[in-house]
Structure formats: C-alpha cells, structure tokens
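Student: Need coordinates for the following:
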Amino acid sequence: MAARRAKKKPPPNLLARRVRHVVGLDAALVMARLEQRADQVVGLFSRLRDRGPFLALTHSLGPTLGFTELAALEPELQLVVLTFYEALARLRWYLSYTEDMPGQLSGNLVRHRRFLAAAYAKLHAQLGDAAHDDVEPEIVDAEPVE
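Tutor: The predicted model follows:
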C-alpha cells in the first residue's frame, strides 16, 4: 500500500483569490436574500412569532472563515470584509433577540439594511468582480499508484 501524501495547501495568492471569490458570492447572496425577502419575513414574524425565517434570511458563510483564510487577504480587504460581516452580525443579533413589535421591527430592519448596504458597497468596490472571476484550476503533477 502506498503512503498517503499530505494535502498541499494552495499557494497564498491562489488561496486569497479563492477567499475573495467565496466572500464576494456569499455577500451577494446575503444582500439578494435581504432585498427579496425582508418584507415577507416581517409578515411571517407578525403572524407566527417565529424567528427561524430571520435566521435563514441572515445566513452566511462569514462566521466559518478562519484566521488562515482572512490572513491570506490584503489588510485593507480584511478590514472591509470584517466590517461587512460585523454589520451582518449586528442585524442577526437584533433579529434574534428583539422584542420590538412588527411595525418598529420593520423600521429597524430598514435601518440595519442601510448600514449593511453601505458595508456591502465598500466590500464590492474592494473586491471588484472577484466573485465572478474564474479561478484557474491548479495543475497537479502526480503519478498513478498501483
């Protein structure tokens, strides 16, 4: 039986490109969900008093990013990424624990969305269209093992 080879980490520039790509896609999906469903979620909360739709609305991959991924990014981009995810975390916290009635909740949701939209605009400006760049495949030089 052949010895297993340790997984090779991608080179730092490739890792940074991949992280930029995932962050860009994730942020765009969060903003699209907020745009499409925010009013519906307030209506659901008004009728059902269930916070589950709020949590689904604000779901993100951001909290799963680790030090290695964030450290691969340029310092200016790190700040912008963390600012976006912090704005999203504040919104998620508010939606998870608010005791506001639906009318007040709707107004506060609009305010939080404005902060998040401003953070997203800065993130998108830093990333450019990184979320849509094609990541070049890594060429692996390997020999088959019998």
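
Student: How far off centre is the helix or strand bottoming out on mean pLDDT in the chain?
Tutor: Lowest on mean pLDDT, DSSP states H and E among the helices and strands of the chain sits helix 52-57, with a mean of 86. On the basis of CA atoms, centre = their mean, to the nearest Å, helix 52-57 sits 15 Å off its chain's mean C-alpha point.

Student: hmm, who's touching it?
Tutor: Taking contacts as CB atoms under 8 Å, 6 or more residues apart in numbering, the residues outside helix 52-57 that touch it are 33-34, 37-38, 40-41, 44-45, 92, 95-96. Every residue, glycine included, has its C-beta placed from N, CA and C.

Student: swap the cut-off to 6 Å and go again
Tutor: Here helix 52-57 makes contact (CB atoms under 6 Å, 6 or more residues apart in numbering) with 33, 37, 41, 44, 95.

Student: Most neighbours out of those residues, which is it?
Tutor: For those, the largest number of neighbours (other CB atoms under 10 Å) sits with residue 41, at 24 neighbours.

Student: Pull out the buried residues from the lengthiest helix in the chain.
Tutor: Looking across the chain with DSSP state H, the single longest helix is helix 12-48. Residues 15-17, 19-24, 26-28, 30-31, 33-34, 38, 41-42, 44-45 are the ones in helix 12-48 that count as buried (16 or more other CB atoms under 10 Å).

Student: One more: stretch 66-86?
Tutor: 69, 72-73, 77, 80-85.

Student: Please flag which of the residues you listed sit within helices.
Tutor: 69, 77, 80-85.

Student: Would you point out the most distant pair within those?
Tutor: With CB to CB as the measure, no two of those lie farther apart than 69 and 83, at 16.3 Å.

Student: Over to residue 50. Which of the three states is it?
Tutor: Secondary structure, DSSP: H, G, I helix; E, B strand; the rest coil: residue 50 is coil.

Student: Report how many residues lie close to it.
Tutor: Residue 50, neighbours per other CB under 10 Å, totals 11.

Student: One more: the one 3 residues further on?
Tutor: Summarising burial for residue 53: neighbours were counted as other CB under 10 Å, giving 17.
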